[in-house]
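Visitor: test case, fold it:
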Amino acid sequence: MNYSFTIQKTQAPKPKPDPNTLKFGQTFSDHMFIMDYADGKGWHDGRIVPYGPLSLDPASAVLHYGQEMFEGLKAYRAPDGRVLLFRPYKNAERARASNERMCMPDIDAELFVGAIKALVDVERDWIPEKEGTSLYIRPFMFADEPFLGVHAAHHFKFVIICSPVGPYYDTPGGGIAPTSIYVEREYVRAAPGGTGFAKVGGNYGGSLKAQAAASARGCEQVLWLDAVERRYVEEIGTSNAFFVIGDEVITAPLHGTILPGVTRDSVIHLLKSWDIPVSERRLTIDDVFAAGRDGRLGEIFASGTAAVISPVGKLVSADGALAVGGGSVGPLAQRLYDALYGVQTGRLTDGFGWTVTV
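Guide: Numbers count the residues shown, from 1 in each chain. Here you go, the predicted structure:
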């Protein structure tokens, strides 16, 4: 199905930021996409308008009951001038799963991707070209129906905003650099039967306490353990976690508490194509530390849209610290980053059909 949207161009375009000083998620482009949903009418009135504040009734359900979801992906400028999206239909698939879990209306994948492409096409000039930069795209949906009472809303808004960004972590010269990760044993990110597999704000709001504790210990992120036994490794901060032990790469299985990351899925595909053994299985934090002590732990890295690949140089816990890979970027993490970033930016051949041209 083809969708058409109205476009209202801004009369006051903003100056483009200096690509050399771009921070992540602090600058926003000139326009945004908005579409409404109402029971009995469905999705309607899709429009691209000047970026600006949204008007909400104080009783809007999202403000009281958190009925919302969001996504994140990027647009890149290829050397030949093309604008590329990386696997946007996987984001659409995950958005639909989040919506189903949060009792929100389904959004067709073609509508989801079509709206993104339409907005990015209008905002082409906002895509920076400097190495390590991109246009971050944030689609989100929320209940704007005014009521006080715990039940699913009947009216929603689907909005997309864009932000030109530099590297997620402030690494010298761009690229990737090892991070320090704190093993969180008190707080949990997600529990079985909860919303861990959905990309919803409550998962992140609830993580801030642990993140503050990690920062106080000089760490950039948290390594989450499972909610039941506090033994099994799950995610690193807002990203999926990978552990290289011996000849095997291990990541937590998608059993309901793990976000099905688009980059995670891409990493698994690449590893299999390189004939590197990769397992989606449970792994205890004790096994990770034991592998570190006896020399079997080669690398730890996280994967996600924002940073692509983020190597871990040190694990910190209440029992002490563990240096990983000599505190340097591991060869597999670097190879994965180079391959993914190369495909995303059109510098390498896309052998999987992952990129979509705007």
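
Visitor: can you tell me how far Met32 sits from Ile160?
Guide: Distance, Met32 to Ile160, by CB to CB, to the nearest Å: 6 Å. C-betas here are computed from N, CA, C, even on glycine.

Visitor: now do the shared contacts for these two.
Guide: Leu119 (CB atoms under 8 Å, 6 or more residues apart in numbering).

Visitor: can you list the low-confidence ranges for the protein?
Guide: Scanning the chain for pLDDT under 70 picks out the ranges 1-2, 170-174.

Visitor: mind listing the helices for it?
Guide: Using DSSP state H, the helices of the chain run over 61-65, 88-101, 109-122, 201-205, 208-216, 262-273, 285-293, 331-344.

Visitor: dump those helices to CSV, plus mean neighbour count and distance to Gln8.
Guide: Formatted as CSV, the helices of the chain follow (neighbours: other CB atoms under 10 Å; distance: least, CB to CB, whole Å):
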stretch, mean neighbour count, distance to Gln8
helix 61-65, 18, 25
helix 88-101, 19, 24
helix 109-122, 20, 10
helix 201-205, 15, 28
helix 208-216, 15, 36
helix 262-273, 19, 31
helix 285-293, 17, 52
helix 331-344, 19, 30
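
Visitor: center of this structure - which residue?
Guide: Nearest to the geometric centre of the chain sits Thr305, at 4.4 Å (CA atoms, centre = their mean).

Visitor: residue contacts, that residue?
Guide: 72-74, 136, 261-263.

Visitor: from Val183, how far out is Leu348?
Guide: To Val183, Leu348 is 35 Å away according to CB to CB.

Visitor: contacting residues around stretch 144-154?
Guide: Where contact means CB under 8 Å, 6+ apart, the residues beyond stretch 144-154 that reach it are 38-39, 56-62, 64-65, 67, 103-104, 143, 155-157.

Visitor: now list the buried members of the residues you listed.
Guide: Among the contacts of stretch 144-154, the ones that count as buried by 16 or more other CB atoms under 10 Å are 60-62, 65, 67, 104, 143, 155-157.

Visitor: could the residues you listed be laid out in a markdown table, adding distance to Ala214?
Guide: Shown next, in a markdown table, are the buried ones among the contacts of stretch 144-154 (distance: CB to CB, whole Å):
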| residue | distance to Ala214 |
| --- | --- |
| Ser60 | 33 |
| Ala61 | 32 |
| Val62 | 28 |
| Tyr65 | 29 |
| Gln67 | 29 |
| Met104 | 31 |
| Ala143 | 32 |
| His155 | 38 |
| Phe156 | 34 |
| Lys157 | 34 |
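
Visitor: okay, now the domains of this protein?
Guide: The chain breaks down into these domains under automatic domain parsing: 6-166, 179-344.

Visitor: now those domains as a markdown table including distance to Thr357?
Guide: Below are those laid out as a markdown table (distance: least, CB to CB, whole Å):
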| stretch | distance to Thr357 |
| --- | --- |
| domain 6-166 | 5 |
| domain 179-344 | 13 |
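
Visitor: now Ala115: closest residue in space, sequence neighbours ignored.
Guide: Phe33 (5.1 Å; CB to CB, 6 or more residues apart in numbering).

Visitor: distance of the residue nearest to the centre of the chain relative to Gly40?
Guide: Distance, Thr305 to Gly40, by CB to CB: 35 Å.

Visitor: same check on Val249?
Guide: Distance of Val249 to Gly40, computed by CB to CB: 49 Å.

Visitor: how far away is the residue nearest to Thr357 when sequence neighbours are not counted from Asp350?
Guide: Once flanking residues are discounted, Thr357 sits nearest to Arg82: 5.4 Å by CB to CB, 6+ apart. Applying CB to CB, the value for Arg82 to Asp350 is 11 Å.

Visitor: re earlier: OK, contacts around the residue nearest to Ala115?
Guide: For Phe33, the contacting residues are 5, 46-48, 115-116, 118-119, 158-160, by CB under 8 Å, 6+ apart.

Visitor: and Thr284, how many neighbours?
Guide: When neighbours are counted by other CB atoms under 10 Å, Thr284 registers 14.

Visitor: quick check, it in contact with Val233.
Guide: Yes - the criterion here is CB atoms under 8 Å, and Thr284 meets it with Val233 at 7.2 Å.

Visitor: quick check: the farthest pair among the buried ones among the contacts of stretch 144-154?
Guide: Longest distance between any two of these is 15.2 Å, between Tyr65 and Lys157; criterion CB to CB.

Visitor: across the sheet, point out what pairs with Phe158.
Guide: Beta-bridge pairing for Phe158 (DSSP bridges): Met35, Met141.

Visitor: contacts only, for it.
Guide: Contacts for Phe158 (CB under 8 Å, 6+ apart) come out as 33-37, 43, 107, 115, 139-141.

Visitor: ranking these by neighbours, who comes first?
Guide: In terms of neighbours by other CB under 10 Å, the contacts of Phe158 top out with Met141 at 26 neighbours.

Visitor: appreciated, that's everything.
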